[in-house]
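Participant: Here is a sequence with its predicted model. Questions after.
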Amino acid sequence: MLGKGFKLPHLSPSCSPACTRHSARPLPRVHATSVETTFQTASQEAKLWTHVKIFFETPWKQPVLHGSISGANWDDFPLHRVGSAPNRWSFCTLPVPQAPTTASAPLVEFVIRHGSKDEWNKPAQGGNYVIHAPGSYTIRSNAVQASEGTPVMVVSDLDGTMVGDDAATAAFRDWWEEEAVARGSGSVLVYNTGRSLDSFLGLIQEKGHCLAHPDALISAVGTKVYSFDGKSWREDEAWTAQLDKEWDLVAVRDAAYKALTQAGRDNMHFRPKEELNQHKVTCGVRVEVLDSVLASLASSFADAGVQANVITSGHGDWRFMDVVPIRAGKLEALQYVQGLYGFPTQQVVACGDSGNDILMLQGNNPAVVVGNSQPDLVRWYTDQMKTEANSTSGPGGRARLYLAPRHEAYSILEGVQYWNLK
Ligand SMILES: [Mg+2]
């Protein structure tokens, strides 16, 4: 039993408050065992609690941890699928007391059951799994081990970066699921793309044989943020709501129409409606008139008192031009998601291949420019290196910006290797 004067917080079998990492708005991660949480006791005394996080490698759909915390009665705690490896890893975070409450009992003693079936996962040597200290642990091949290594948050563009060469995409997925997911308190995979959610869902269906599933999706050039709870996607409405500030869709559309009229319909057009949303106006612009279109927009925005991010990308005769709220964009959304998961900047690796990734790559976090990057991004990289060539602001005192020798997802693996995050 627990010590006198306090008790464990109530854990509903169907909705444990400790197991809500993949809720619609993910809770910040616990990255160190010293992080403390205070729960009120029945006697209104406060007692410090910390966590044990358990990653379980399994194909089981609904694993349930059956165990005892610090000698308390045995109970069921459902495990939840990891968003970026939903068919391979499940997890649960258990609140445990800071100090042992029963000297003779382990901090956590447990086995894992296959849902309601009479099928159990136990240590190979027999008995129950036993954990004696707070922290993160993995259960693999019927053995419990402390989760070691530095968790990493990879924030990658899709087309031309994570996707493009299936073998490279699969190599990343294999590393992610084998090495990264259950590292420390857990790594997080985010895709940051110009695609809409529907377009992304089509892609992941098409590339399901090689593409790692993400924990979160930043879509439509940073105007939408979604999280995946292991089963379904949910839009982050708090993010969307804040984009309304200082944004005027009608004024932006009017400004784009005015620029289009000046440039001529042969030189500029609005992109199909599935590429637009209430916080994103996207046009195709012929490269010869791009500068005059940008100048026209700037003038119209000044007149209307609108503030917006105008992002151009692509190569060849035409450019994509995205106009999004001043609070949106790939970097702003990256930083928002980073905050949700509580990752330090040095452990957030951004990866991209074209001009619309520049915002995401010019933050303080380490950033990979993939080896097959488009000319606009290579030009930006070359300019950046004039001031960043001797930078030591990346992880381990290495440069923050890395141009990878290989292409697409192989570049991402080279990047995390370069900063010793692999
Ligand atoms: Mg791209």
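Facilitator: Structure's in. What do you need? Numbering: from 1, shown residues only.
Participant: How about the residue in the chain that the ion sits nearest to, nearest residue that isn't a chain neighbour?
Facilitator: For the chain and the ion, the shortest gap (C-beta to the ion) falls at Gly160, measuring 3.9 Å. To be clear about C-beta, it is placed using only N, CA and C from the backbone, and glycine gets the same treatment. Spatial nearest neighbour of Gly160, chain neighbours left out: Asp353 (3.9 Å); criterion: C-beta to C-beta, 6 or more residues apart in numbering.
Participant: Touching, the one you found and Thr161? I think so.
Facilitator: Yes: Asp353 is in contact with Thr161 according to C-beta atoms under 8 Å; the separation is 4.6 Å.
Participant: Now the common contact residues for those two.
Facilitator: Val370, Glu408 (C-beta atoms under 8 Å, 6 or more residues apart in numbering).
Participant: what packs against whichever strand in the chain runs longest?
Facilitator: When the chain is parsed with DSSP state E, its longest strand is strand 46-57. Helices and strands touching strand 46-57, by 3 or more C-beta pairs under 8 Å, 6 or more residues apart in numbering; DSSP states H and E, are strand 37-40, strand 63-69, strand 89-97, strand 135-140.
Participant: Quickly note the distance from the residue of the chain closest to the ion to Ile311.
Facilitator: Look at Gly160 and Ile311: by C-beta to C-beta, to the nearest Å, they are 16 Å apart.
Participant: Give me the more crowded residue out of those two.
Facilitator: Ile311 (23 against 18; other C-beta atoms under 10 Å).
Participant: Which secondary structure state is assigned to the more buried one?
Facilitator: Secondary structure, DSSP: H, G, I helix; E, B strand; the rest coil: Ile311 is strand.
Participant: Quick check, pLDDT for it.
Facilitator: Note for Ile311: predicted pLDDT of 90.
Participant: right, and it touches Gly329 too?
Facilitator: Yes: because the distance of 6.7 Å satisfies C-beta under 8 Å, Ile311 is recorded as touching Gly329.
Participant: so what sits against both of the two?
Facilitator: Val221, Leu359.
Participant: Tell me the residues of the stretch 151-300 of the chain that contact the ion?
Facilitator: Counting by C-beta under 5 Å from the ion, the residues of the stretch 151-300 of the chain close to the ion are Asp157, Asp159, Gly160.
Participant: Report how many residues lie close to the residue nearest to the second one when sequence neighbours are not counted.
Facilitator: Right, Asp159. Spatially, and ignoring its direct neighbours in sequence, Asp159 is nearest to Thr193 (7.1 Å; C-beta to C-beta, 6+ apart). Per other C-beta under 10 Å, the neighbour tally for Thr193 reads 28.
Participant: Might you report the residue contacts of Thr193?
Facilitator: Contacts here follow C-beta under 8 Å, 6+ apart; on that basis Thr193 touches Asp157, Leu158, Asp159, Phe200, Leu217, Ile218, Ser219.
Participant: Buried ones among those?
Facilitator: Asp157, Leu158, Phe200, Leu217, Ile218, Ser219 (16 or more other C-beta atoms under 10 Å).
Participant: From these, pick the one nearest Cys283.
Facilitator: Nearest to Cys283 among the buried ones among the contacts of Thr193: Ser219, at 18.4 Å, using C-beta to C-beta.
Participant: In contact with the closest one: list those residues for me.
Facilitator: Ser219 is in contact with Thr193, Gly194, Arg195, Ser196, Leu197, Phe200, Val225, Tyr226, counting by C-beta under 8 Å, 6+ apart.
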